[in-house]
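> Coordinates for the following, if possible.
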Amino acid sequence: MPKVGLLPLLLAVGAIVVAVGSYTALAGPGPVDVATSVAGTDDGDGVQALDGEENGATGNGEEKIATAIADEFGVEMEEVLAQHDEGIGFGALFKLYQLALAQGMTVEELLATIPTGEDGEPEFGFGQLRKALTDEEQAVLEDGPKNLGELVSGASKDQSEDGEEGAETTQSRGGGRGHGKK
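Coordinates of the predicted model:
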């Protein structure tokens, strides 16, 4: 085999080794379920939630996101997951909890004010809802994370600094189980 033909082959093998090494380093400890990773969902805020295991079990990615929302707004993770199971994406849930907190109401009360389409699904007009807020309510929004990605990133950072999974390091702004001001 001529030396010129060997160089591209060595470069290709080296690139594969680097790619596999990078993937393995980013995947973290333990096995990686490629099927679950590929089947993840992104609800528009740049945060990918992994679809759960079979039989409706919640995946670890969903629990992480639901826990971050629950901790931020002082509610139970199960409540967030239940709303997500009803078809509301995590990005929309973050915005709903944020708006409900700002207006001093529960998410359920806020959902009751949102019109539904012909299919019976809520038509979230978050821009219109935000524009309708008072200056005081706007200030409440500005005190917290700007989007779901920032919230989850901050929660992950807090957990890695503490070395504990599920540590309640994100201070709840919500009082009253995250259903707004009391």
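> Quick check: next helix or strand after whichever strand or helix holds A100?
Assigned by DSSP states H and E, A100 belongs to helix 90-103. Next helix or strand after helix 90-103 toward the C-terminus (DSSP H and E): helix 107-113.
> which helices and strands does that following helix pack with?
Counting contacts by 3 or more CB pairs under 8 Å, 6 or more residues apart in numbering; DSSP states H and E, helix 107-113 packs against helix 90-103. All C-beta atoms are positioned from the backbone trio N, CA, C, and that covers glycine.
> Check which helices and strands the helix it packs on sits against.
helix 60-73, helix 77-85, helix 107-113, helix 126-131, helix 135-143, helix 148-162.
> most packed of these?
Ranked by mean neighbour count, the helices and strands packed on helix 90-103 are led by helix 60-73 with a mean of 23 (mean count of other CB atoms under 10 Å).
> what's the burial count for the nearest residue to F124 once chain neighbours are set aside?
Spatial nearest neighbour of F124, chain neighbours left out: A92 (5.6 Å); criterion: CB to CB, 6 or more residues apart in numbering. Neighbourhood size, A92 [other CB atoms under 10 Å]: 19.
> between the helices and strands packed on helix 90-103, which gets nearest to A100?
helix 107-113 (4.5 Å; CB to CB).
> Can you show me the CA trace of the closest one as PDB?
The C-alpha trace of helix 107-113 is given here as PDB (Å, rounded to 0.1, in the frame of the first residue of the first chain):
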ATOM      1  CA  VAL A 107     -51.900  28.000  37.400                       C
ATOM      2  CA  GLU A 108     -55.300  26.400  37.300                       C
ATOM      3  CA  GLU A 109     -57.000  29.800  37.800                       C
ATOM      4  CA  LEU A 110     -54.800  31.300  35.000                       C
ATOM      5  CA  LEU A 111     -55.600  28.400  32.700                       C
ATOM      6  CA  ALA A 112     -59.300  29.100  33.200                       C
ATOM      7  CA  THR A 113     -58.800  32.600  31.800                       C
END
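> List the contacts of it.
83, 93, 96-97, 99-100, 103, 122, 179 (CB atoms under 8 Å, 6 or more residues apart in numbering).
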